[in-house]
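K.L.:
any chance you could fold what I've pasted below:
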Amino acid sequence: AELRRLDLEQQIGLLSMMKVVGMTISGAAIYRDTLAALKPKHVLVEEAGAVLEPLLVATRGPWVTRLTLVGDHQQLPPSVENHQLAHDYQFNTSLMERLVNNELKHVTLTTQARMMPEMAELLLDVYPTYRTSERVDVAARCSPPPGALRSTWWWDVRPGPEGGEHIDPEVRSYVNDGEATAVVALVKHLVNSGV
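P.N.:
Next up, the predicted model:
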């Protein structure tokens, strides 16, 4: 207990001199004592649309005067492994989504500067006011790339020998051998075409 107290004092001494302290949301919940000692007034949460509400609440204290949630509540929801918690108690709904759904004042970006316009158009059914910035230099981009007729296309990939998507028990993650083989073939084609 004494060692933990001294370690916390040393951390607080160093971190209290910083203007910005960053940590993952899990780290913020684990190091709640550190946050309580630092008493940050402003907390900014990136990818807030995918953060479990209990984790977010656990990291807040009465010292927080401004909570800024950055992210997209229409993208991936928080991951909840217990079906009952997700279904019966809406644990898979982030605080950000709850606030937006309850019409709390928020700002939505309407201009994108990453994608070619023909790719951004695919998002108009979800984001009807989405526009491409004039900063996107369409002429300087190689679109479509050599070896392709268009910049975007749909490709129906047949399942590999293992079948379609499945969970690899060793890495506990989804894999799809058919899609992996197709991606390798596409990359080889693009490289051979000069990309």
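
K.L.:
when you work out contacts or count neighbours from here on, use the C-alpha atoms and nothing else.
P.N.:
Noted.

K.L.:
strands along the chain, start to end?
P.N.:
42-45, 66-69, 111-112, 131-132, 166-168, 173-175 (DSSP state E).

K.L.:
can you list the strands that the fifth one pairs with?
P.N.:
With DSSP bridges as the test, strand 166-168 is paired with strand 173-175 (antiparallel).

K.L.:
do the second one as well
P.N.:
Strands adjacent to strand 66-69 in the sheet, as given by DSSP bridges, are strand 42-45 (parallel).

K.L.:
can you give me the helices in the protein?
P.N.:
Along the chain, the segments classed as helices by DSSP state H run 2-15, 25-30, 32-38, 53-59, 83-89, 95-101, 117-120, 177-192.

K.L.:
what's the spacing between the nearest residue to Asn176 once chain neighbours are set aside and Leu186?
P.N.:
In space, and not counting its chain neighbours, Asn176 is closest to Glu165: 4.4 Å by Cα to Cα, 6 or more residues apart in numbering. As defined by Cα to Cα, to the nearest Å, Glu165 lies at a distance of 19 Å from Leu186.

K.L.:
quick one: contacts of the helix or strand of the chain with the lowest mean pLDDT?
P.N.:
Among the helices and strands of the chain, strand 166-168 carries the lowest confidence by mean pLDDT, DSSP states H and E, at a mean of 80. The contact list for strand 166-168, computed with Cα atoms under 8 Å, 6 or more residues apart in numbering, reads Ser173, Tyr174, Val175, Asn176.

K.L.:
6 Å instead?
P.N.:
Defining contact as Cα atoms under 6 Å, 6 or more residues apart in numbering, one finds that strand 166-168 is touched by Ser173, Tyr174, Val175.

K.L.:
nearest to Asn82 among the residues you listed?
P.N.:
For the contacts of strand 166-168, the minimum distance to Asn82 (Cα to Cα) is 16.7 Å, reached by Ser173.

K.L.:
contact partners for the residue nearest the centre of the chain?
P.N.:
The centroid of the chain falls nearest to Glu47 when counting by Cα atoms, centre = their mean (4.7 Å). Residues in contact with Glu47 (Cα under 6 Å, 6+ apart) are Val70, Gly71.

K.L.:
roughly how far does it sit from Leu38?
P.N.:
From Glu47 to Leu38 the distance is 23 Å (Cα to Cα).

K.L.:
since that was my last question, I'll sign off now.
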